[in-house]
Structures are given as structure tokens and as C-alpha cells.
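Colleague: kindly return the folded structure for what I paste below:
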Amino acid sequence: MKKVVFVLILWASNAVFSQGCSDAGFCTSENMKYGTAVDSIKHTLKFGVNHGSADFDISVFGMYLEYQYKITEKLNIGTRINYINQTKETVSSSSLSDGFIIADYIVNPTVSASVGLKIPFTDGNVKENGMALPMDLQPSLGTYDLIFGVSKKYKNLFFALGYQHPLNKNNNTFIKPSSSNEFFTTNQFERAPDLLFRLGYNYSINSKWKLSPSLLPIYHIANDTFEDVNNQEVQISGSKGLTLNASLLAVYSLNDKNAIEFNLGTPLIVRDARPDGLTRSIVLNLEYKFRF
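Modeller: Residues are numbered from 1 along each chain as shown. Model prediction:
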């Protein structure tokens, strides 16, 4: 089994570019990953790290801290804080990016529902030497997002449907130089909503190892927009459409309360234009989970 995991990690490190998720954090909530919501233990604490490459030779390192609290047998609430560092040659940005608050409710033993809010820690207009950075180097999209999700389990299969809706434009003021072939103009950037679906299979190899392969289509339901120098709204052609990812979760249980999770993924289909800067080549997401 150790050889299998090692090969999978190598495979992921050579993955080509993908959008990854509609927004970091939403796709990795418990309800969207496993088709489950409320744990049998009252408290869960998670810490994760990831590293990868983005468009335009940008190197990305991220961390997150997550806490989940079981309120009742049916209701669970989770909070998550993300940190990101993005570097391109001599330009770098590092900051807390977004926070998430998500409540999960068990409708019945096979159906769970979620509702949540994404809260930005920056306005999407971090600057370097007085100049606004493009969205690819922004720590956050700078938007408050409403999040809705529902999941259904059938034996080892699970299905998850999610919707993420930005509530505001961000304050980005980046305008791409006419001589540049990199990035997109994102002045007063407005990102369209995402519709997400996941089809997965939970498989227990033994008492220690569990695998969960899945397909994750994300449909960006409209073109994103920006404002030109005349304050006219302009659609970004090609930003609407489908991204399809294949992913694999591997969970190793150290004991009843401690576990390590590996999360690997690769794209099958990507959108023509991704001005939000969420494109990632995921090398590996490594997470430690402690329940108490």
C-alpha cells in the first residue's frame, strides 16, 4: 500500500493545470468530500498544507486551519481560515486569504445539507510598489460568497451538489499593459457564480486505509466582467463554462481520534479563460485531523 500512495503522489506532482475548485475551501468541506456532515465526536481540529504551480509560472504555497463543532446529533458547524503565499520571480504576496463558516445538517441517514459564508480578509487589491497586482497574485478574490450544498449517499457511492454565489465586486484595479501577454484586466472584477457536482466512491481497504476517488465538474454559469477605462462593463470571453477534475482522497487512520489525509487531483477539462487566478497544478494537499 505504501508503494501505491508513493506512485499516486508522483502522479499528482506532474499534473497539468486545473481550476481545482470554485474557491479554496468549499470543495473540501466534509459534506462535499465524503457525503457526510456530522461526526460522532464533538470536536474536530484540522491543519493542512499544499504546494503547487499556477498560471504564468506562479508558485503557490497554502495552509489552513479548520475547527468543527458538533452542536447536536444532526447539526454541525465548521470554521476555516486559509493562508496563501504566491510568488512570481521578484513579486510576492502573502496573507490570510479567506475565512469560511459552514453549517451542515443531517436531513436523514443518507442526506445532508449545508449553508455557509465565505469572508475575505483582503479586498482583492493588494499592491506592490503602489501598483495593483493581477488576480493571479491576489491572496483573496475579495468577495463575500454565499454557499449552499446537499449530498446523498447510496451504499459506497455519494453525490454532492453545491452552489457558490459572490455577493459583491472586488476592489481590484489591475489593468493589463497592452504589451503584455500575461494576466487579464480585472479592474472592478465581478466573478460569476459556480455550480458544483461531485460523484464519489468511498472504499475501505482495511481498518487503517480509506480511499475516495471522485469526479468533480464545476460549471461557471456566466462570463466574469471588469470595467474598462471608460467605466464600461466588459465581459471576459471564455470565462464561462465547464471545468472537470478527477480527484483522489487517501485517509490513513493513526487511531480512533487521529488521521492523516492525502488529497490529489488532475484536470480533464478546463475553461478557456480563468481571470480569477484560481488555476492550480496541485502537487499534494496534506492534512492532519484530530478529534476530541
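
Colleague: in the stretch 101-250 of the chain, what spans have low per-residue confidence?
Modeller: Applying pLDDT under 70 to the stretch 101-250 of the chain flags no residue at all.

Colleague: show me the strands in it, by range?
Modeller: Assigned by DSSP state E, counting those that start in this stretch, the strands in the stretch 101-250 of the chain fall at 111-120, 127-128, 131-132, 145-154, 157-166, 194-201, 203-204, 209-220, 225-227, 233-235, 241-253.

Colleague: select, out of those, the one closest to residue 271.
Modeller: strand 241-253 (4.5 Å; CB to CB). C-beta coordinates here come from the backbone N, C-alpha and C atoms, glycine included.

Colleague: by contact count, what packs against that closest one?
Modeller: helix 2-13, strand 209-220, strand 258-269 (3 or more CB pairs under 8 Å, 6 or more residues apart in numbering; DSSP states H and E).

Colleague: quick one, the second one and strand 194-201 angle?
Modeller: For strand 209-220 against strand 194-201, the angle between stretch directions is 150 degrees (axes from the mean of the first three to the mean of the last three CA atoms, to 10 degrees).

Colleague: flag every buried residue along strand 209-220.
Modeller: 210, 211, 212, 214, 216, 218, 219, 220 (16 or more other CB atoms under 10 Å).

Colleague: quick one: strands adjacent to it?
Modeller: Paired strands of strand 209-220, with direction, are strand 194-201 (antiparallel), strand 203-204 (antiparallel), strand 241-253 (antiparallel) (DSSP bridges).

Colleague: can you put these in a markdown table and add distance to residue 133?
Modeller: What follows is the strands paired with strand 209-220, written out as a markdown table (distance: least, CB to CB, whole Å):
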| stretch | distance to residue 133 |
| --- | --- |
| strand 194-201 | 23 |
| strand 203-204 | 42 |
| strand 241-253 | 23 |
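
Colleague: picking up where we left off before, check the buried residues of strand 209-220 against residue 265 and report the nearest one.
Modeller: residue 216 (7.7 Å).

Colleague: that closest one reaches residue 195, doesn't it?
Modeller: No: checked against CB atoms under 8 Å, the pair residue 216 and residue 195 is beyond contact range at 11.8 Å.

Colleague: now list whatever residues contact both of the two.
Modeller: With contacts defined as CB atoms under 8 Å, 6 or more residues apart in numbering, no residue is adjacent to both residue 216 and residue 195.

Colleague: you'd agree residue 208 is up against residue 251?
Modeller: No: applying CB under 8 Å, one finds residue 208 not in contact with residue 251, separated by 9.0 Å.

Colleague: so the two - more neighbours on which side?
Modeller: residue 251 (20 against 13; other CB atoms under 10 Å).

Colleague: surely the more buried one touches residue 209?
Modeller: Yes: between residue 251 and residue 209 there is a contact at 7.3 Å, judged by CB under 8 Å.

Colleague: give me the distance between stretch 210-227 and the centre of its chain.
Modeller: 9 Å (CA atoms, centre = their mean, to the nearest Å).

Colleague: direction included, what does the helix or strand hosting residue 61 pair up with?
Modeller: Counting by DSSP states H and E, the element that carries residue 61 is strand 58-70. Paired neighbours of strand 58-70 in the sheet (DSSP bridges): strand 43-54 (antiparallel), strand 75-88 (antiparallel).

Colleague: can you list the ones you listed in TSV and add distance to residue 259?
Modeller: Shown next, in TSV, are the strands paired with strand 58-70 (distance: least, CB to CB, whole Å):
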stretch	distance to residue 259
strand 43-54	9
strand 75-88	16
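
Colleague: now the ones you listed as JSON lines including distance to residue 174 and mean pLDDT?
Modeller: Below are the strands paired with strand 58-70 laid out as JSON lines (distance: least, CB to CB, whole Å; pLDDT from 0 to 100):
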{"stretch": "strand 43-54", "distance to residue 174": "16", "mean pLDDT": "90"}
{"stretch": "strand 75-88", "distance to residue 174": "13", "mean pLDDT": "93"}
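
Colleague: can I get those strands in JSON lines with mean neighbour count?
Modeller: Formatted as JSON lines, those follow (neighbours: other CB atoms under 10 Å):
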{"stretch": "strand 43-54", "mean neighbour count": "18"}
{"stretch": "strand 75-88", "mean neighbour count": "19"}
